[in-house]
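Undergrad: got a structure for you, letters missing:
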């Protein structure tokens, strides 16, 4: 069975066009960490950490953008049913994660919470800083993107020895 994937240049161009069109049509930069904060703010309205001003309601583009990410993945998976199957294989991460499913779930949830906290603390996630902030030549985003990718390279080297 042959698996077809998008050419990296086509995917990069599509992402770049989405960032530009999102800003052009809505007047707001794209990014999903604010939508995640909005979702948490709706679920836990008394927690001040999740309050993000005017966006803490259902009528905001960031929340719908966040919801669209898994829906888009589902549509993609269902449209390529011949090359897609459900799997719990974690690839390279099998080497560093615990072996039981419950321990993996706890570890991944904890990691996701750390990522969410870091994104909220930094004012945006890697998508917001590197793609959107980078496209807008925002100096803080360019520095944050460089720090994110440098940290990822160092962490990957420490975990896997690449």
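TA: Thanks, I have the structure now. Being a predicted model, the structure only gives us computed values, none of them experimental. Numbering: from 1, shown residues only.
Undergrad: Now do the helices in the chain.
TA: Ranges of helices within the chain are 8-26, 33-43, 61-79, 101-122, 126, 134-135, 139-160, based on DSSP state H.
Undergrad: Pipe those helices into a markdown table and attach mean pLDDT and mean neighbour count per row.
TA: (C-beta placed from N, C-alpha, C; glycine too.) Output for those, formatted as a markdown table (pLDDT from 0 to 100; neighbours: other C-beta atoms under 10 Å):
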| stretch | mean pLDDT | mean neighbour count |
| --- | --- | --- |
| helix 8-26 | 85 | 12 |
| helix 33-43 | 75 | 20 |
| helix 61-79 | 80 | 13 |
| helix 101-122 | 84 | 12 |
| helix 126 | 79 | 20 |
| helix 134-135 | 82 | 16 |
| helix 139-160 | 89 | 13 |
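Undergrad: Format those as TSV; extra columns: distance to residue 49.
TA: Listed next are the helices of the chain as TSV, based on distance: least, C-beta to C-beta, whole Å:
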stretch	distance to residue 49
helix 8-26	25
helix 33-43	8
helix 61-79	16
helix 101-122	7
helix 126	20
helix 134-135	26
helix 139-160	20
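Undergrad: Out of those, the one nearest residue 92 is which?
TA: Nearest to residue 92, of all those, is helix 139-160, at 6.0 Å by C-beta to C-beta.
Undergrad: hang on, the earlier thing: nearest to residue 86, out of the helices of the chain?
TA: It is, among the helices of the chain and with distance given as C-beta to C-beta, helix 61-79, at 9.1 Å.
Undergrad: Show me how far the closest one is from its chain's centre.
TA: The chain centroid and the centroid of helix 61-79 are separated by 12 Å, computed with C-alpha atoms, centre = their mean, to the nearest Å.
Undergrad: burial measure for residue 123, as a count.
TA: Using other C-beta atoms under 10 Å, residue 123 has 15 neighbouring residues.
Undergrad: same deal with the one 10 residues further on?
TA: Residues contacting residue 133 under the criterion other C-beta under 10 Å number 23.
Undergrad: nearest residue to it other than its sequence neighbours?
TA: Residue nearest to residue 133 in three dimensions, not counting chain neighbours: residue 141, with 2.2 Å by C-beta to C-beta, 6 or more residues apart in numbering.
Undergrad: follow-up on the earlier one: what about the helices of the chain, which gets the closest to residue 90?
TA: Closest among these, using C-beta to C-beta: helix 101-122, at 7.3 Å.
Undergrad: Contacts for the closest one, please.
TA: Residues external to helix 101-122 that are found in contact with it (C-beta atoms under 8 Å, 6 or more residues apart in numbering): 33, 36-37, 40, 49, 88, 90, 97-98, 125-126, 128-129, 144.
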